[in-house]
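>>> The following comprises the amino acid sequence and a computationally predicted model.
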Amino acid sequence: MDSKPLPVSIVIPTFNEEKYLFRLLKSIKSQTKQPQEIIVADAYSLDRTREVARAFGCKVISGGLPSKARNNGVRAAKAKVILFLDADVILPQRFLEQTFEEMQERNLDIASCFVRPLSNAKIDSVIHEFANYYIKLTRPFYPHIPGCCIYVKKSLHKKIGGFDESLLLAEDHDYLSRAKNYGKFSYLKSYKIPISIRKFTKEGRLKLALKYITIELHLILIGQIRKDIFSYFGDKHVPNMPRN
């Protein structure tokens, strides 16, 4: 492993993520190239999330809903490139080395990866491949970006004013819609990002699919989501959390 870290600050929003965060941080520590730092922006977790983060040497700061957590993370970041990750992804061993190299070679300012499920069930593979296909199909006129994995230059993040903290859902797509006007965007070919299927398990595949369809229709027909049409987190602790 090369001892020189990549000029990347990883920012991870968390809320009660001790189980998944441990797996993600373990996969980061196993990378062939290490990031400059890992920042965990925690939304007042009630479990051992912060203990797990500190045990892996992460910088722990106060978070909130995802937009606020990511913005706080960038403000604390030292590197020129930010990698936003969700706590329930796991990185293949050469992920950071190869995706960062590809981003540099293609001169990208903002980038993401297509997704694949951490599941052996055929239905989960089909659902995620359909999501990837939809992203490819709509990219020319209505680009999407999964918040679970976003590379972005810190200068671009600052130029667009970061994530819109007034949005309750689809804040990642709004972020891209503004960022692509000032920087080069594409999906990386190196890897698909492995992500858990915990939402499918918790809510059911059909119910979750209908929820995502409803969100898409709302965005297309009505516009941005600033009202709590769905509960973003399934825990009563979060709505009482300060947002500023």
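Thanks, I have it.
>>> Helices of this protein, start to end?
According to DSSP state H, the chain carries its helices in the segments 18-29, 49-55, 66-76, 95-105, 122-138, 154-159, 171-179, 198-203, 205-221.
>>> Need the winner for burial among those.
Neighbour counts (mean count of other CB atoms under 10 Å) averaged over each of the helices of the chain peak at helix 66-76, with a mean of 22. For glycine as for every other residue, the C-beta is placed from the backbone atoms N, C-alpha and C.
>>> picking up where we left off before, the helices of the chain: which one's closest to Lys192?
Set against Lys192 and scored by CB to CB, the helices of the chain come closest in helix 122-138, at 7.7 Å.
>>> Give the other helices and strands that the closest one contacts.
strand 115-117, helix 205-221 (3 or more CB pairs under 8 Å, 6 or more residues apart in numbering; DSSP states H and E).
>>> in its sheet, what does the shortest one sit against?
Here the strand partners of strand 115-117, with direction, are listed using DSSP bridges: strand 193-195 (parallel).
>>> Sketch out the low-pLDDT regions of this protein for me.
1-2, 200, 203-209, 213, 215-223, 225-244 (pLDDT under 70).
>>> Tell me which residues touch the residue most central in space within the chain, please.
By CA atoms, centre = their mean, the chain has its centre lying nearest to Cys148, at 2.5 Å. By CB atoms under 8 Å, 6 or more residues apart in numbering, the residues touching Cys148 are Leu85, Asp86, Asp88, Val89, Val115, Ile193, Ile195.
>>> What is the nearest of those to Tyr134?
The shortest approach to Tyr134 among the contacts of Cys148 belongs to Val115, at 11.4 Å (CB to CB).
>>> how many other residues sit next to the closest one?
19 (other CB atoms under 10 Å).
>>> Can you add distance to Val11 and give the helices of the chain back as JSON lines?
As requested, the helices of the chain are exported to JSON lines (distance: least, CB to CB, whole Å):
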{"stretch": "helix 18-29", "distance to Val11": "12"}
{"stretch": "helix 49-55", "distance to Val11": "12"}
{"stretch": "helix 66-76", "distance to Val11": "3"}
{"stretch": "helix 95-105", "distance to Val11": "14"}
{"stretch": "helix 122-138", "distance to Val11": "22"}
{"stretch": "helix 154-159", "distance to Val11": "10"}
{"stretch": "helix 171-179", "distance to Val11": "13"}
{"stretch": "helix 198-203", "distance to Val11": "21"}
{"stretch": "helix 205-221", "distance to Val11": "23"}
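>>> Looking at those helices, which is nearest to Tyr187?
The nearest among the helices of the chain, by CB to CB, is helix 122-138 at 7.6 Å.
>>> between the helices of the chain, which gets nearest to Asp42?
Once the helices of the chain are compared by CB to CB, helix 49-55 is nearest, at 5.6 Å.
>>> what packs against the closest one?
helix 18-29, strand 35-42, strand 59-62.
>>> Switch those over to CSV; also include distance to His128.
Formatted as CSV, the helices and strands packed on helix 49-55 follow (distance: least, CB to CB, whole Å):
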stretch, distance to His128
helix 18-29, 18
strand 35-42, 26
strand 59-62, 31
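>>> out of those, nearest to Ile127?
helix 18-29 (19.6 Å).
>>> Test my guess that Leu188 contacts Glu105.
No: with contacts counted by CB atoms under 8 Å, Leu188 stays clear of Glu105, the gap being 10.4 Å.
>>> Check the spacing between Pro92 and Ser112 real quick.
Distance of Pro92 to Ser112, computed by CB to CB, to the nearest Å: 16 Å.
>>> With neighbour numbers in mind, choose between the two.
Neighbour count, other CB under 10 Å: between Pro92 and Ser112, Ser112 has more, with 26 against 17.
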